[in-house]
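[1] The sequence and its predicted three-dimensional model are supplied below.
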Amino acid sequence: MTSPVLDVRGLTVRFRMPGGGEVAAVTDASFRLRPGECLALIGESGCGKSVLASALLGLLPGNAHASGQALLGDLDLLTADERLLARTVRGRRIGLVPQSPSAHLTPVRTVRSQLRETIRALTGRHGGEEAAADRAAFPADHLDRHPHQLSGGLAQRAATALALVGDAPLLLADEPTTGLDRDLVERTADELRRHVDEGHALLMITHDLAAAERIADRVAVMYAGRIVELADARAFFGPPGPRHPYASALLDALPERSFTPIPGMPPELGALPDGCAFAARCPSATDACAAVPAFDGAVACHHARSPRA
Ligand SMILES: Nc1ncnc2c1ncn2[C@@H]1O[C@H](COP(=O)(O)OP(=O)(O)OP(=O)(O)O)[C@@H](O)[C@H]1O
């Protein structure tokens, strides 16, 4: 088997709060990502997805403390110093497809000029804007436009083109389909998939389950800062379907499924209950759930559905 591009082991992030409290944003997350593979990290708002991404990019704020390991080849992203991350990792070894392309693009410069500068900075080459645009299916006849002259879809492609310039083996996409209409969601997802098929590894953070189903090989479900299920996407979207009651409830909440909202709210990460954080909302909860369920590599639940059911 090919070695992973990214190997995350026991990643934990805590925020220290002014009053002395602590926010448990990410707890003991472990997963691997191989070349040519897309892992979708899904879960409700506030469950720690973006914090996990910031930890991988070395962009956590000053009140954060990260522990565990996040190996990109031999480099541990959690202990690498900022100079190294800025010079050799961001853009070169990790390409970031941003959440809000129009905010990420420089408003006063054309797409061509932004591509030209990025190509020069990352590869030392001059020119090549057309080829770089083409890799993200950005039309050459729009290269001289400014970001505000682009549709949402073309802005997303321009941002993706910038993310691909460094030919980074790992692409990290944080909510790449947020705010796009369904048609554009599908096109963006298909384009990202194309880059995966070309050999990139893609970590896609999303609460868009339809986009995840369209593009992902595997799915990691986060709840209250923990990965509670890690599954093959085809099995997850079923049949047989998810094994964790929270993951089942997430799918059941979709309009195209039973459209049943999950009762209650996720817990505050600054005041997590003892035991399983989902127990208060879980139809399967019993006394056993007073203890935090261990993650066995596939699921963390005392009442997980059996894999063959
Ligand atoms: N600088 C910070 N200080 C303290 N807490 C923070 C800080 N940044 C984020 N958090 C907390 O970490 C938790 C996880 O946030 P995160 O943004 O990762 O969630 P998310 O799953 O990405 O949500 P969304 O889908 O809305 O982006 C939240 O409870 C948030 O309030």
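    Right, received. Where do you want to start? Quick caveat: nothing in here was measured; it's all calculated off a predicted structure.
[2] My guess is residue 110 contacts residue 142. True?
    No - between residue 110 and residue 142 there is no contact under C-beta atoms under 8 Å: 9.3 Å. Where you see a C-beta, it was placed from the backbone N, CA and C, and this is true even at glycine.
[3] Starting from the ligand, give me the distance back to residue 219.
    15 Å (C-beta to the nearest ligand atom, to the nearest Å).
[4] and what of residue 288?
    27 Å.
[5] Look up the closest residue to residue 143, ignoring the ones flanking it.
    Once flanking residues are discounted, residue 143 sits nearest to residue 112: 4.1 Å by C-beta to C-beta, 6 or more residues apart in numbering.
[6] give me every residue that touches the one you found.
    Applying C-beta atoms under 8 Å, 6 or more residues apart in numbering, we find residue 112 in contact with 129, 143-144.
[7] Report the buried members of those residues.
    129, 143 (16 or more other C-beta atoms under 10 Å).
[8] Closest to residue 86 out of the contacts of residue 112?
    residue 129 (23.5 Å; C-beta to C-beta).
[9] Please report how far the closest residue to that closest one other than its chain neighbours lies from residue 149.
    With C-beta to C-beta, 6+ apart as the criterion, residue 129 has its nearest non-adjacent residue at 4.4 Å, and that residue is residue 115. Noted for residue 115: a distance of 15 Å to residue 149, by C-beta to C-beta, to the nearest Å.
[10] who has more neighbours, the two?
    Ranked by neighbour count (other C-beta atoms under 10 Å), residue 115 and residue 149 place residue 115 first, with 25 against 12.
[11] check which helix or strand covers that one.
    helix 111-123 (DSSP states H and E).
[12] The stretch 201-309 of the chain: strands as residue ranges?
    Secondary structure of the stretch 201-309 of the chain by DSSP state E, counting those that start in this stretch: the strands cover 201-206, 218-223, 226-232.
[13] packing partners for the last one?
    Counting contacts by 3 or more C-beta pairs under 8 Å, 6 or more residues apart in numbering; DSSP states H and E, strand 226-232 is packed against strand 22-33, strand 218-223, helix 245-252.
[14] what's the neighbour count on whichever residue of the stretch 201-309 of the chain sits closest to the ligand?
    The stretch 201-309 of the chain approaches the ligand most closely through residue 269 (4.2 Å), counting by C-beta to the nearest ligand atom. Residue 269 has 22 neighbouring residues, counting by other C-beta under 10 Å.
[15] hang on, isn't it packed against residue 24?
    Yes - the pair residue 269 / residue 24 is scored as a contact, 5.3 Å apart, by C-beta under 8 Å.
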